[in-house]
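# Test case, fold it:
(chains A and B)
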Amino acid sequence: MTRHRRETAAVFLLIALGGAVCGSTFAADDYQEGSRLYKDGKRPEALERVNAYLTQHPKDARARFLKGVILAEQNRNPEAITVFTDLTEDYPELPEPYNNLAVLYANQGDYEKARKALEMAIRTHPSYAVAHENLGDIYATLASQAYDKALQLDSNNATARKKLALIKELVPAKPATTLAKAEPDKAAPAKPAAEATPATPIVAATPPKAAPEAGKPPSPKTPASDKPASASDPTAAVLKMLEAWTHAWSSNDAEGYLSFYAPDFETPNHEPRSAWEESRRERLAKPKKIHVTASSPHVKFTDNNHATVTFRQSYSSDNLKASGKKTLHLVRHAERWLIQRESIDK
Amino acid sequence: MHKLAILHGARLRAMTLPVLAAAVLAGDVSAMGSHQPAAVARVGRALQIPEAMLVQALMDIRDNRLSAALERVNALLALKPDFRLAQLIRGDLLLARARPLSRMGAADAPAERINDLREEARARLTRYELQPPLDRVPKYLLQMRAEQRYAIVVDTTKSTLYVFENRANGPHYVTDYYVTVGKNGTNKLREGDKKTPLGVYHVQSQLPRDRLGDFYGAGAFPLNYPNEWDAREGRNGHGIWLHGTPRDTYSRPPRASDGCVVLTNEDLDDLTRRLQIGLTPVIIAEGIDWVPAQATRDTQKGLADGLEGWRHDWESRDTDRYLTHYARNFSADGMALSDWSAQKRRVNAAKEWIKISLSDVSMFLYPGRDDLAVIDFAQDYSSSNLSNKMKKRQYWIRDGAQWKILYEGAA
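So this is what the prediction gives:
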């Protein structure tokens, strides 16, 4: 049980950051001092320490994140935006930098950019409550702007000036602490988005018969039963994932299908992710009927978070029939198994 | 009731919201029209592009494709940022991601303004579904003269203005546009009643953009309301125009004008190149009667026979026969049939010969009245003591099987 216990977002973050922090964690004096100073409200001093630390560890995500937070709180928006933008580029799987970028954009009144950043946060991390809540506020603000234009109202900016929640720390002290609770000055009153328990993927609440696109903003569309399975039996979880993946494919559900691919998925021809996604969308949209089955799957675990599943894939559509042996290389992200690489076995 | 139960019964979570919102919006959109599957297949119809995008977005909403709908609305607004209905839909689609919606137009705003936009959504959907029956024509278009290149027929019930091209074998549908008509509907009677007149009119003049206020947009084309029939019926008022839309909005709700027929500026520009001042007929109907072309030819034949009989009897100076072509309740320029008859007897008696030829004949059946038609023609009159050429207009009324002249005057 303990080995496969449910992981919180926080644990996932620790794992994701492992590479970056490794080797420096135990000598992080400047960082810890900076963090302490920041908590004491001494921002300039904290920033000095963090900067000192970063000269030695320029890639360290936590330190860069803290720097961004301090800059944001000092209203140095452009600098803070640069820090968080760089973080999203280096660690596209982390939702927090996206969230904070969104907060900064929203402060500037650029709600469209804020929306996109938050949707990225949620795409990387569907259960991310703060991002959901912030996104809810952004949507409401954008809606009110649209209504003003539609109806020639002048109600603007009462809602538009709502402060969004900035995430203060990249890694919570205790894995079990939810990010939402770690956030003291939540701006918005509780709304539906916030009612979701952050540790539970919100996808679990999506009714199974949801229309193909109804689950947007882009979100994984695993069946509701995925979570308990992954909690108890990893093999079953992988098989479930395989089934859901073929199902999304067979249903021409491009967004659902794409949600099974890890942020660092190795595209088959090393093309940019966006180009690959585009071509997949097109492929899935073209034939009227796609039927994909995966038979005789065989699951192997390399470690707790990595697995491969090999199976015979049969594909048939209006204009093509093909079958062959395929292997998916999977990585576990939070509650979900995602595809890192696909290979076709000759 | 059912919708409310869903909304109140569920503990909502972020991801379920769009689903519920979709259900509500979709229901709302569905309720705006029947949306037969056949209609969905007609994406290729010549709807102006912004309208096609809007309708597609509404279809997406109906089918619960909210993200696709939002993308489409965003693309549309990039093109036409002042399309207020599109802004309303965008507001709904965004708000649906934050909280459940109870209906289309969830904004906190005066109900009247939201209703106007809901009505526009309904009208746009209705327009999308209507297929001009290509094997039929509006029964009003009986005959156009060669120089009349187009005829316009407005269906106020469909918020649509149709353009027909005058071809050798009859009128052919060319395109149609969304239009706004009077705030208080149709059948204009009085000055200031904010109603759009129903009848057979024509474009009288063109008022160019730079001589108009912004309110009229790309330009204006006054119509000849009240026409001779309207005057006879005691209808009054003036200033019924075809015109464009103010700068700050792409379009106006289906019923919003003071009686004018209002187009979007791009549609008005498009229409302008087809309008001929003093020539283009504009027929405004409350629901178009579409009939097989043969039916209009039959009606046209009856009228043409009547017209030829009138010409012939006049030319032959058989005044008694000539006068049988006039209806008992005929009047023209304040002259009743008795005065008219007396005058004609006097004039014709002084002639040794009369020659009359008619050309450039156009005939339109009056909307809402199968027994009334307007005939325009050029009359070339010569006689032993007088000749003249004039453009004439007659209103003919059917009396049993016979068409008779109700009004006659210079056009």
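# show me the residues around residue 81 that make contact.
Reading this off chain A. A:Ile81 is in contact with A:101, A:104-105, counting by Cβ atoms under 8 Å, 6 or more residues apart in numbering or on different chains. From N, CA and C alone the C-beta is placed, and that goes for glycine too.
# try chain B instead
A:Lys149.
# hang on, B:Leu271 in a helix?
Yes - judged by DSSP: H, G, I helix; E, B strand; the rest coil, B:Leu271 forms part of a helix.
# Test my guess that it contacts B:Leu263.
Yes - between B:Leu271 and B:Leu263 there is a contact under Cβ atoms under 8 Å: 6.4 Å.
# I'd assumed A:Thr246 was in contact with A:Val292.
Yes - counting by Cβ under 8 Å, A:Thr246 is a contact partner of A:Val292 at 4.6 Å.
# out of those two, which sits in the more crowded spot?
A:Thr246 (21 against 18; other Cβ atoms under 10 Å in any protein chain shown).
# and the helix or strand containing that one, does that touch chain B?
A:Thr246 belongs to helix A:234-250 when assigned by DSSP states H and E. No - against chain B, helix A:234-250 shows no contacts by Cβ under 8 Å from any Cβ of the partner chain, the least distance being 15.4 Å.
# Tell me how the chain divides into domains.
No chain was given, so I picked chain A. A:1-196, A:204-346 (automatic domain parsing).
# actually it's chain B I care about, not the one you picked
According to automatic domain parsing, the ranges for chain B are B:2-129, B:136-288, B:292-410.
# Turn those domains into TSV, including mean pLDDT.
Output for the domains of chain B, formatted as TSV (pLDDT from 0 to 100):
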stretch	mean pLDDT
domain B:2-129	73
domain B:136-288	95
domain B:292-410	95
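# Which one of the residues in the stretch 151-300 of chain B is closest to chain A?
Per Cβ to the nearest Cβ, B:Asp248 is where the stretch 151-300 of chain B lies closest to chain A, at 8.0 Å.
# Give the helix, strand or coil label for that residue.
Judged by three-state DSSP, the three-state class of B:Asp248 is coil.
# one step back: out of the domains of chain A, which is closest to B:Asp339?
domain A:1-196 (57.0 Å; Cβ to Cβ).
# Okay, and A:Leu166 sits in which element?
Counting by DSSP H and E, A:Leu166 is part of no helix or strand.
# Just to check, it is in contact with A:Val69?
Yes - here A:Leu166 reaches A:Val69: they are 6.6 Å apart, a contact under Cβ under 8 Å.
# anything in contact with each of those two?
With Cβ under 8 Å, 6+ apart, A:Leu166 and A:Val69 have common neighbours A:Asn100.
# The two: who's more crowded?
The neighbour count for A:Leu166 versus A:Val69, taken as other Cβ under 10 Å, is higher for A:Val69 (25 against 22).
# Can you give me the buried ones in stretch B:53-71?
B:53-70 (16 or more other Cβ atoms under 10 Å in any protein chain shown).
# What's the end-to-end length of stretch B:202-213?
From its first residue to its last, stretch B:202-213 covers 23 Å (Cα to Cα, to the nearest Å).
# Out of the buried residues of stretch B:53-71, which are close to chain A?
When Cβ under 8 Å from any Cβ is applied, the members of the buried residues of stretch B:53-71 adjacent to chain A are B:63-68.
# export those residues to JSON lines and tack on secondary structure?
Below are those laid out as JSON lines (three-state DSSP):
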{"residue": "B:Asp63", "secondary structure": "coil"}
{"residue": "B:Asn64", "secondary structure": "coil"}
{"residue": "B:Arg65", "secondary structure": "coil"}
{"residue": "B:Leu66", "secondary structure": "helix"}
{"residue": "B:Ser67", "secondary structure": "helix"}
{"residue": "B:Ala68", "secondary structure": "helix"}
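# Which residue is the nearest non-sequential neighbour of the residue of the stretch 151-300 of chain B closest to chain A?
Of all residues not flanking B:Asp248 in the chain, B:Asp82 sits nearest, at 6.1 Å (Cβ to Cβ, 6 or more residues apart in numbering or on different chains).
# Is the one you found in contact with B:Thr264, as I believe?
No - judged on Cβ under 8 Å, B:Asp82 makes no contact with B:Thr264 at a distance of 9.9 Å.
# So these two - more neighbours on which side?
The neighbour count for B:Asp82 versus B:Thr264, taken as other Cβ under 10 Å, is higher for B:Thr264 (26 against 16).
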